[in-house]
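Q: 3D model of this:
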Amino acid sequence: MAKKRIQIKKQKVTEKKVSSGRVYVTATFNNTMITLTDTSGNTLAWGTSGSAGFKGARRATPYAAISAMEKVAQKAKEFGMSSVEVYIKGPGSGRDATIKALRGAGINITMIADVTPIPHNGPRPKKRRRV
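A: The predicted structure follows:
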């Protein structure tokens, strides 16, 4: 039996330098998810309250959202990001806390947009009760 030799090519690791980008915050009742992208929408970093070390009901707290945003803001600084646009979605308690944490990290916020989906007509109602 002949042994096959596999040659592995190493890819060059290049550091991205991005001056501005977008931050997408999804604040649900159970968790807060944060995604950092460049201006064209390519994901650079992400973080959640669960990945910040919180479990159970504590993930839904504003403090958990702050600590998740601090980790993402630190990654943004490593990319050289100085200004961001913030898009917030959802009814959770981490909405305001993430913006305060982003401001506290020293990143300039150029725009804040609420992109929470609102139904125009809602779901179909239950059928009428017959007695």
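Q: Now do the same for the residue nearest the centre of the chain: helix, strand or coil?
A: In the chain, the centroid-proximal residue (CA atoms, centre = their mean) is Ile34; its distance is 1.3 Å. What DSSP: H, G, I helix; E, B strand; the rest coil gives for Ile34 is strand.
Q: Assess the claim that it and Val23 are in contact.
A: Yes - counting by CB atoms under 8 Å, Ile34 does reach Val23; the two are 6.5 Å apart. Quick note: C-beta positions are derived from backbone N, CA and C, even for glycine.
Q: Overlap of the contact sets of those two?
A: Val72, Thr98 (CB atoms under 8 Å, 6 or more residues apart in numbering).
Q: which residues touch the residue nearest to the centre of the chain?
A: Val23, Tyr24, Val25, Thr26, Trp46, Gly47, Thr48, Ala68, Met69, Val72, Thr98.
Q: can you count the residues close to the fourth one?
A: When neighbours are defined as other CB atoms under 10 Å, Thr26 has 19 of them.
Q: measure Thr26 to Arg59 for me?
A: Noted for Thr26: a distance of 13 Å to Arg59, by CB to CB, to the nearest Å.
Q: what do the two both touch?
A: Residues within reach of Thr26 and of Arg59 at once, by CB under 8 Å, 6+ apart, are Thr32.
Q: Would you mind naming the helix or strand containing Lys126?
A: Using DSSP states H and E, Lys126 is not contained in any helix or strand.
Q: tell me which strands and helices the helix or strand that contains Ala76 is in contact with?
A: Using DSSP H and E, Ala76 sits within helix 62-78. Helix 62-78 sits against strand 20-27, strand 32-38, strand 43-48, helix 95-104, with contacts defined as 3 or more CB pairs under 8 Å, 6 or more residues apart in numbering; DSSP states H and E.
Q: Sounds good, over and out.
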